[in-house]
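Q: return atomic coordinates for the entry below.
(4 chains)
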Number of protein chains: 2
Amino acid sequence: MSRAAKIEDVASRAGVSVATVSRALRGLPHVSQKTREKVLRAAEELDYRPNPHAARLAAGRSGAVGVALPVLNSWFYANVLAGVEAVLAEEALDMHVVVVDGPEAIERFIAELPSLSKRVDGLVICDLHMPDQLWEDLAGGPIPVATIGVETGLFDSVTIDNVAAAAEAVGHLLDLGHRRIGLIGAGPEASADNESAALRRRGTIEALKARGLELPPQLDVAGSFSVAGGKEAAFEILDRAAPTAVFCLSDEMAIGAMWAAGEASLDVPRDLAVVGFDDQPIAEAVGLTTVRQPVSIMAARAANSVLSRLEGDEGPVQRHVMPTELQKRRSTDFRHLTHVHAHS
Amino acid sequence: MSRAAKIEDVASRAGVSVATVSRALRGLPHVSQKTREKVLRAAEELDYRPNPHAARLAAGRSGAVGVALPVLNSWFYANVLAGVEAVLAEEALDMHVVVVDGPEAIERFIAELPSLSKRVDGLVICDLHMPDQLWEDLAGGPIPVATIGVETGLFDSVTIDNVAAAAEAVGHLLDLGHRRIGLIGAGPEASADNESAALRRRGTIEALKARGLELPPQLDVAGSFSVAGGKEAAFEILDRAAPTAVFCLSDEMAIGAMWAAGEASLDVPRDLAVVGFDDQPIAEAVGLTTVRQPVSIMAARAANSVLSRLEGDEGPVQRHVMPTELQKRRSTDFRHLTHVHAHS
DNA sequence: CCCCCTCCGGTAAGCGCTTACATTCGCCAG
DNA sequence: CTGGCGAATGTAAGCGCTTACCGGAGGGGG
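A: Sure thing, here's the model as predicted:
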C-alpha cells in the first residue's frame, strides 16, 4: 500500500494546481466544468481522501459537531443521541460524544470547553446544568450551541413544558380519585442538577394544589433515574406513606416502582397506580401510563438548529417547546379502582 | 475576548522556544524541572489550549477513537457505547460515533473507511458484517481495530459463546418440559447480516437436536430487534405453531412477546414461557428469564484492546470470549402455576 | 586542564490543506 | 485590432503544532 495520495498528487495528475483541486473537490465556483471533471477523475483514480486535520487546521472548521449528555445508557439519552446522529449523518458531519456525568465531570467539561470548541464546529448540549456565567462564556465563544432540556435564553433550545406535562399526569391520577400520590425522581432538593425534574415536581405540586392538596415530604422522594432507583424509591415511599399512586419521572423508574409493588404484593393499578415519563416502547408493552415526549424529534430539531447556525443563520434565539401527551394505559386503569376508591 | 493563545505566545511568555513548550506541556523528556514549571505557569496564565487539529496534523495522531455500531437506541448498543466511552474518557480520548445501519450505510462506511482512518487513531467495531476482503484491507490499514460480536481472526475481538448461550437457554426450556419452542429474532436466513443471531439459532438447533427435536420453519421467525418486532413475531409464531415457549434474541423482543401473549390472553409462563437475551435491568423487573451478557465490560475490553495497540502492543491477536449466564426468572417458572409471586 | 559524553534547549522544516492575491486567458465592445 | 473585464487558474503564505537535528553547557575521567 503506497502512502496515501495528497492533494498535490491529485493536482499533478490532473495537470492543475492544488488550489484548483481544492476548489474543484469542494464544489466551489471559479472552476470550469471541464477542469472539475478532470480533477474528479484524478482524485478517483488515486483514491484520494483529504486529510481532515489539515483541512480543519487551514479552514478553521472541524466538520464535527459535539453532543454533550449526562449518560448514554438510558432510553432517553440513547434516543437523543440517535436523533442527533441521524441529522449529522445526513450532512456527513462527525459526531463527537461527550458524557458529562456528575459534578467532577461537569468541572472537567467546563475546563475543556475552550478546547472542545476548537475540535467541534457546533455543540448540542442536553440537560446540563452549570452557572449562568459559563453559559454566557459559551455564548461568547466561537461555536453555535443548541440545548435540549435546558433553557438559557442564550441559545436555541428545545424543551417540553415539564410543568404542564407533570400536571396532566398528576391530574389524571387525581381524576381517578387518588389523593395520596407519590412523586419519584425529584425530591425536595431537585433543581440543583436536574431542572426537568424540578419543573415536573412543580407541575405535580401545582396540580395537587389546584385540588387543595399538598405534596408531603414523605411522598416526595429523589432516586436515580433507573429501574433500580425507581424500585428503591418506591419501597421507601410505600413504606413511609402508603400512597395509592406514584408518578415516576422516567419509565425506567416507573417499571422499577411496578416491580417494587409486585414484591410488596400490591396489585398495579388496584393497590398502586403508576405513571411514568417518556413513553419508551416498553411502556406500552407493560401497560404503563406515561407522558410521551418526542425524544428523537427533539434531538433532531436541536441538531438542525446547530446546523442552520453553522450555515450562517443569525436570526433570534429560537425556543422550541415540543408537545407531550399523556398515554393512559393499564397501570392507571380506573376500572380497577372503582370499587376501592369510589367515595374517597 | 482576545484571540486564543498559541504555542508561540506561551513560548515567548515563558522565555523559551516553542519546541520546549511543546515538550514541557506533553511531559516529554529533555526539559528541566525548572523550565517545565515556567512553561506550565505561562500556559496557565494565558489559558493556552493546544489546537488539536494542528497537533494532529503535525503528529499524525488524532486523539480520537471511533466506535461503529448498527444502532444507538437499543439497550445493548447504548451500553456498548457507554462502556467504550468510559475507558476513552479515562484516557482523555475523543469518541467518534459512527452508526452503520442497513446495507447502504455499510456501503458508505466502507467507502469512507480510508477517510475515517485518518480522523481516528483506532476503531471499535460492533456487530458489523462485511466481506472478508474489506476486513483484510482494514487490517492492512494504519489504525488498530477491535471488534465486538464478530470474530475475524484479524483483530482483537470480544464475543460471547452465542451457540452455548442459546443452547443453555433452550436447554432450560427443554428441561421444563417444553417441546414446541419458538425462536424469535433469527429466522432461516440469518447470518447474512447478523452473525450473533445465526449463532444463537445454531445453538438453539443443537440443543433441540440433542433431545431429538427439530426447529420447524414455523417456529423459526426473524423480526426486528425491538419491542414491536418481538410482538409481531410472537403473534406470527403463536398463530402458526402454538408454541409453549419462545426464545427471543433480545430482551426487547422478549418483552414484545410477553405483550403479545397478554393480548392473546395467554398467561406467561403458564401458557407461554418466554426467554430473552441480554439481561437489561428491565428484564429482572418484569421477571423475564434471560441470558445475561456483560455488555459494558465487553465494550470496555474492546476499547482497552484498541488502547493497548495504540500504545504499541504488538502481541498476537486476542480473542476474548466473555461468560454468559442464564438468569432464571418468573417468565419460565413452572412454579408460577401455583404461586403467583413466588419470586425473590 | 582538556576532551568527550550527556542533557537541555533552540532552529527550522515540515504536516496537508485553504485562500487571499496575482496572473492568465478568452472574449467582446470600441 | 486592441484595451478592458470577468472568469479561470496559479502562487504562495499561512493554519498551529511536532520533531529531527544541531549547538551549547556542565561534569567527570585521563
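Q: all contacts plus neighbour counts: C-alpha atoms, from now on.
A: Will do.
Q: shaky segments in chain A?
A: Low-confidence segments of chain A, defined by pLDDT under 70: A:1-2, A:334-344.
Q: which bits of it sit near DNA strand D?
A: Within reach of DNA strand D by C-alpha under 7 Å from any atom of the strand, chain A has these residues: A:15-20, A:29-32, A:34-36, A:54, A:57-58.
Q: can you list contacts of stretch A:87-98?
A: Applying C-alpha atoms under 8 Å, 6 or more residues apart in numbering or on different chains, the contact partners of stretch A:87-98 are A:63-69, A:85, A:120, A:300, A:303-304, B:94-98.
Q: list the buried residues of it.
A: Within stretch A:87-98, the residues that count as buried by 16 or more other C-alpha atoms under 10 Å in any protein chain shown are A:Val87, A:Leu88, A:Leu93, A:Asp94, A:Met95, A:His96, A:Val97, A:Val98.
Q: show me what contacts A:Glu232?
A: A:Gly223, A:Gly256, A:Ala257, A:Ala260 are the contacts of A:Glu232 under C-alpha under 8 Å, 6+ apart.
Q: mind telling me what element it is part of?
A: helix A:227-241 (DSSP states H and E).
Q: next structured bit after that helix?
A: strand A:245-248.
Q: ok, then the element right after that next one?
A: Following strand A:245-248 toward the C-terminus (DSSP H and E): helix A:251-263.
Q: summarise which helices and strands that following helix is packed against.
A: With contacts taken as 3 or more C-alpha pairs under 8 Å, 6 or more residues apart in numbering or on different chains; DSSP states H and E, helix A:251-263 sits against helix A:227-241, strand A:245-248, strand A:273-278, helix B:281-285.
Q: quick one: the first one to helix A:251-263, angle?
A: In this structure, helix A:227-241 runs at an angle of 50 degrees to helix A:251-263, with axes from the mean of the first three to the mean of the last three C-alpha atoms, to 10 degrees as the basis.
Q: now helix A:227-241: buried residues?
A: A:227-238, A:241.
Q: which of the residues you listed sit farthest apart?
A: A:Val227 and A:Ala241 (20.7 Å; C-alpha to C-alpha).
Q: got the residues of the stretch 51-200 of chain A near DNA strand C?
A: Contact residues (C-alpha under 7 Å from any atom of the strand) of the stretch 51-200 of chain A with DNA strand C: A:Asn51, A:Pro52, A:Ala54, A:Ala55, A:Arg56, A:Leu57, A:Ala58, A:Ala59.
Q: pretty sure the first one contacts B:Pro114?
A: No: using C-alpha atoms under 8 Å, A:Asn51 is not in contact with B:Pro114; the gap is 10.0 Å.
Q: just the helices in chain A please.
A: For chain A, applying DSSP state H gives helices covering A:7-14, A:18-25, A:33-46, A:52-59, A:75-90, A:103-119, A:132-140, A:162-175, A:195-210, A:227-241, A:251-263, A:281-285, A:295-310, A:338-341.
Q: who does the longest one touch, helix- and strand-wise?
A: To tie it back to what came earlier, the one meant is helix A:103-119. By 3+ C-alpha pairs under 8 Å, 6+ apart, helix A:103-119 packs against helix B:52-59.
Q: returning to that earlier point: let me have the contacts of A:Glu232 in TSV, extended by neighbour count.
A: Shown next, in TSV, are these (neighbours: other C-alpha atoms under 10 Å in any protein chain shown):
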residue	neighbour count
A:Gly223	20
A:Gly256	29
A:Ala257	34
A:Ala260	23
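Q: dump those residues to CSV, plus distance to A:Glu136.
A: Conversion of the contacts of A:Glu232 to CSV gives the following (distance: C-alpha to C-alpha, whole Å):
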residue, distance to A:Glu136
A:Gly223, 31
A:Gly256, 39
A:Ala257, 40
A:Ala260, 44
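Q: farthest-separated two in the residues you listed?
A: Counting by C-alpha to C-alpha, the most remote pair of the contacts of A:Glu232 is A:Gly223 and A:Ala260, 13.7 Å apart.
Q: what's the neighbour count on the closest residue to DNA strand C within the stretch 151-300 of chain A?
A: Taking C-alpha to the nearest atom of the strand, DNA strand C has its nearest neighbour within the stretch 151-300 of chain A at A:Phe155, 25.3 Å off. A:Phe155 has 22 neighbours, counted by other C-alpha atoms under 10 Å in any protein chain shown.
Q: how about the one 5 residues further on?
A: Burial measure for A:Ile160: 21 neighbouring residues, criterion other C-alpha under 10 Å.
Q: same check, this time on the one 5 residues further on
A: The burial count assigned to A:Ala165 is 24, neighbours taken as other C-alpha under 10 Å.
Q: got a list of contacts for stretch A:308-326?
A: Residues contacting stretch A:308-326 (C-alpha under 8 Å, 6+ apart): A:121-122, A:144, A:151, A:153-161, A:165, A:168-169, A:289-294, A:298.
Q: and what of stretch A:27-42?
A: With C-alpha under 8 Å, 6+ apart as the criterion, stretch A:27-42 contacts A:Val10, A:Ala11, A:Arg13, A:Ala14, A:Thr20, A:Val21, A:Arg23, A:Ala24, A:Leu25.
Q: and if you look at stretch A:295-305?
A: A:76, A:79-84, A:86-88, A:124, A:146-148, A:156-159, A:278, A:322.
Q: okay, and the beta partners of A:Thr159?
A: A:Val321 (DSSP bridges).
Q: residue contacts, it?
A: A:Ile148, A:Gly149, A:Val150, A:Glu151, A:Met298, A:Arg319, A:His320, A:Val321, A:Met322.
Q: next one: A:Leu183 from B:Ala285, what distance?
A: Computed with C-alpha to C-alpha, to the nearest Å, the distance linking A:Leu183 and B:Ala285 is 20 Å.
Q: so those two - more neighbours on which side?
A: Of the pair A:Leu183 and B:Ala285, A:Leu183 is the one with more neighbours under other C-alpha under 10 Å, namely 30 against 21.
Q: shouldn't that one be in contact with A:Val246?
A: Yes: at 5.6 Å, A:Leu183 and A:Val246 qualify as touching, with contact defined as C-alpha under 8 Å.
Q: show me the contacts for the nearest residue to A:Val163 once chain neighbours are set aside.
A: Take A:Val163 and drop its neighbours on the chain: the residue closest to it by C-alpha to C-alpha, 6 or more residues apart in numbering or on different chains is A:Gly203, 3.9 Å away. Going by C-alpha under 8 Å, 6+ apart, A:Gly203 touches A:Asn162, A:Val163, A:Ala164, A:Ala165, A:Ala166, A:Ala167.
Q: before we move on, what about A:Glu151?
A: So A:Glu151 contacts A:Ser157, A:Val158, A:Thr159, A:Arg319 (C-alpha under 8 Å, 6+ apart).
Q: of those residues, which is the nearest to B:Lys328?
A: A:Thr159 (40.9 Å).
Q: gap between that closest one and DNA strand D?
A: 36 Å (C-alpha to the nearest atom of the strand, to the nearest Å).
Q: ok, now A:Ala264?
A: 59 Å.
Q: re the thing from before, could you dump the residues of the stretch 51-200 of chain A next to DNA strand C into a markdown table and include distance to chain B?
A: Shown next, in a markdown table, are those (distance: C-alpha to the nearest C-alpha, whole Å):
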| residue | distance to chain B |
| --- | --- |
| A:Asn51 | 7 |
| A:Pro52 | 7 |
| A:Ala54 | 6 |
| A:Ala55 | 9 |
| A:Arg56 | 6 |
| A:Leu57 | 5 |
| A:Ala58 | 9 |
| A:Ala59 | 10 |
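Q: give me the buried subset of the residues you listed.
A: Counted by 16+ other C-alpha under 10 Å, these give A:Asn51, A:Pro52, A:Ala54, A:Ala55, A:Arg56, A:Leu57 as buried.
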